[in-house]
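A.B. asks: Below is the structure, and that's it, no one-letter string:
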């Protein structure tokens, strides 16, 4: 079992300082990428989709912070033990997220960020080129697929008003539905907002003005034609790891920040490291069954409601992490190179065991 002492190299101060330096996001993406794909096989790995019972899901515009604005929330009724939501009214339809009132582990599923959902059009995963965003337009909210190159957004749904409690049902436009990501025949936990039409047809149906986000200045048309392939994130151009970051985004285990950036030079936290490694493992290990929620705290400083708690719990139960010598996990602390080496090694051993091979590396 892995421990994360404060100083793994106390006898060698110089090495300790060098190895404990916070790891940057770009380097971690490449490390996780090494788990997710084997040499020569990256371009051959593609995702499929499986159909879902639409009555078991609801797509909601949920209240957000002053900086983030309204947030997309997808709720799934996994079992009928207790209702996960209730609705009232039309245009708009008010949603009461009942799962906030009980331990919904195993009863309800909840996806709250781009690690849990993305766009799929004409059997193509667009997660690396479009991000989902709710944008206010008049007296309602529009659910859009916003391209990272600043071109025409895709219209996916609308709320037809805004509910007094802030939780408003999103009515998906004609042709859109929810499906679930599959990989090599295995169903994953990632949801797709799916349309079977071609991207050109979807864009044509999305014609017309769309209100710009507040406080966002209009973009200036480029003086030269854009390159044929835009980077997955606007801030990775010229980065030594740009191609690996783009592929990691395409595979689906990194999603960037809410503003569409990746911040490749920013230090990575320990919970972010676990999240990336677990998501990378899911592309290699069938039926990993990573929970979407947990009913208890995996560590004293990781509450069950924290966004990373399900993945940290899975990593703990799988022997990939155990925390530090004091029994805590320090989720917001920067991960060091030494700590990442331990996580990646244990993750690789876990992958080998689950696929019927010797854990010896």
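C.D. replies: Structure's in. What do you need? What you see is a predicted model; the values in this text were computed from it and never measured.
A.B. asks: any idea which helix or strand carries residue 350?
C.D. replies: Counting by DSSP states H and E, the element that carries residue 350 is helix 337-354.
A.B. asks: just residue 249 next, same as before
C.D. replies: Residue-wise, residue 249 maps onto helix 242-251 under DSSP H and E.
A.B. asks: How far off centre is that helix?
C.D. replies: Relative to its chain's centre, helix 242-251 lies at 14 Å (C-alpha atoms, centre = their mean, to the nearest Å).
A.B. asks: List the buried residues for it?
C.D. replies: Using 16 or more other C-beta atoms under 10 Å as the test for burial, helix 242-251 gives 242, 244-251. In short, each C-beta sits where N, CA and C put it, glycine included.
A.B. asks: what about it, average pLDDT?
C.D. replies: Averaging pLDDT along helix 242-251 gives 79.
A.B. asks: helices or strands next to it in the packing?
C.D. replies: Helices and strands touching helix 242-251, as assessed by 3 or more C-beta pairs under 8 Å, 6 or more residues apart in numbering; DSSP states H and E, comprise helix 25-36, helix 270-282.
A.B. asks: For these, which has the smallest mean pLDDT value?
C.D. replies: helix 25-36 (a mean of 65).
A.B. asks: Compute the inter-axis angle for whichever helix or strand comes after that helix and helix 242-251.
C.D. replies: Per DSSP H and E, the first helix or strand lying C-terminal to helix 25-36 is strand 47-51. Orientation check (axes from the mean of the first three to the mean of the last three C-alpha atoms, to 10 degrees): strand 47-51 against helix 242-251 gives 20 degrees.
A.B. asks: Pairing partners for strand 47-51, with directions?
C.D. replies: Its sheet considered, strand 47-51 pairs with strand 176-183 (antiparallel) by DSSP bridges.
A.B. asks: What lies in contact with the strand it pairs with?
C.D. replies: 45, 47-52, 54, 57, 59, 74, 120, 125, 156-157, 187-195, 252, 282-283 (C-beta atoms under 8 Å, 6 or more residues apart in numbering).
A.B. asks: Could you rerun that using 7 Å?
C.D. replies: Strand 176-183 is contacted from outside by 47-52, 54, 57, 120, 156-157, 187-188, 190-195, 283, using C-beta atoms under 7 Å, 6 or more residues apart in numbering.
A.B. asks: same question, stretch 53-63
C.D. replies: Stretch 53-63 is contacted from outside by 70-77, 85, 95, 134, 141, 157, 159, 166-170, 172, 177-178, using C-beta under 7 Å, 6+ apart.
A.B. asks: List the buried residues for that stretch?
C.D. replies: 57-62.
A.B. asks: Would you mind measuring from residue 169 to residue 96?
C.D. replies: According to C-beta to C-beta, to the nearest Å, residue 169 and residue 96 sit 11 Å apart.
A.B. asks: and if you look at residue 302?
C.D. replies: From residue 302 across to residue 96, the span is 28 Å (C-beta to C-beta).
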